[in-house]
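> based on what follows, work out the 3D shape:
(2 chains)
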Amino acid sequence: DAGVIQSPRHEVTEMGQEVTLRCKPISGHDYLFWYRQTMMRGLELLIYFNNNVPIDDSGMPEDRFSAKMPNASFSTLKIQPSEPRDSAVYFCASSPTGSNQPQHFGDGTRLSIL
Amino acid sequence: AQSVTQLGSHVSVSEGALVLLRCNYSSSVPPYLFWYVQYPNQGLQLLLKYTSAATLVKGINGFEAEFKKSETSFHLTKPSAHMSDAAEYFCAVSRISGNTPLVFGKGTRLSVIA
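Modelled structure (predicted):
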């Protein structure tokens, strides 16, 4: 079975540029989550979707961040304009509907903003 | 609000020794608890989950965890450490069910000494 697929795996760009991270969840999973991992703050939720609808975006740092899920098999996280403090590893995870279903994580995108 | 505390950011054990990674949770509702492992440059992989069907939960790679409500703990153990167990381990709790976002502990890095 294909797992959660994220692209790119690594992204290095200059401050002020637009960054787009992509995620393909596991087929049949109704929930999609975006997390960010940093040394200072650990793993924290940015936003999550259910059936392509954003449910909670309270973790999105500021208006520079936006996320979409146009269909059940694709989601994007966009940062515009990017800043050095956005440097982190961004993870996408998905899970099926059902009580106590675990989340399956992608390998992450390591983002460096210079 | 749910929270998780992992005691010890770094644990070092000898190969063949007992592994004990500590996790305490705070939850106003019966918790859904998980342990994940992260190998370098990879995403998080589920080790085990608490389902409320049994207080002792067995996971992959010989790991197990015991849910103790009176101590609000969910410690992870393995009787005999192997070199391949060296990784970062995260305890997590979800708000209501596995379909809701995870709140992670800060993680414990496990080193295994030959």
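> which residues of the chain fall in strands?
Looking at chain A here, since you left the chain open. Using DSSP state E, the strands of chain A run over residues A:5-7, A:10-13, A:19-24, A:31-38, A:42-50, A:53-56, A:65-71, A:74-79, A:88-95, A:104-105, A:109-113.
> you answered for a different chain; I wanted chain B.
B:3-7, B:10-14, B:19-26, B:32-38, B:44-49, B:56-58, B:64-68, B:73-78, B:87-94, B:102-104, B:108-113.
> would you list those strands in a markdown table and tack on mean pLDDT and mean neighbour count?
Heads up, the C-betas are built off the backbone N, CA and C, glycines and all. Shown next, in a markdown table, are the strands of chain B (pLDDT from 0 to 100; neighbours: other C-beta atoms under 10 Å in any protein chain shown):
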| stretch | mean pLDDT | mean neighbour count |
| --- | --- | --- |
| strand B:3-7 | 93 | 17 |
| strand B:10-14 | 97 | 14 |
| strand B:19-26 | 96 | 18 |
| strand B:32-38 | 94 | 25 |
| strand B:44-49 | 94 | 21 |
| strand B:56-58 | 94 | 14 |
| strand B:64-68 | 95 | 18 |
| strand B:73-78 | 97 | 21 |
| strand B:87-94 | 94 | 23 |
| strand B:102-104 | 92 | 24 |
| strand B:108-113 | 97 | 17 |
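> with distance to chain A added, can I get those in CSV?
As requested, the strands of chain B are exported to CSV (distance: least, C-beta to the nearest C-beta, whole Å):
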stretch, distance to chain A
strand B:3-7, 10
strand B:10-14, 14
strand B:19-26, 14
strand B:32-38, 5
strand B:44-49, 4
strand B:56-58, 11
strand B:64-68, 13
strand B:73-78, 14
strand B:87-94, 7
strand B:102-104, 4
strand B:108-113, 12
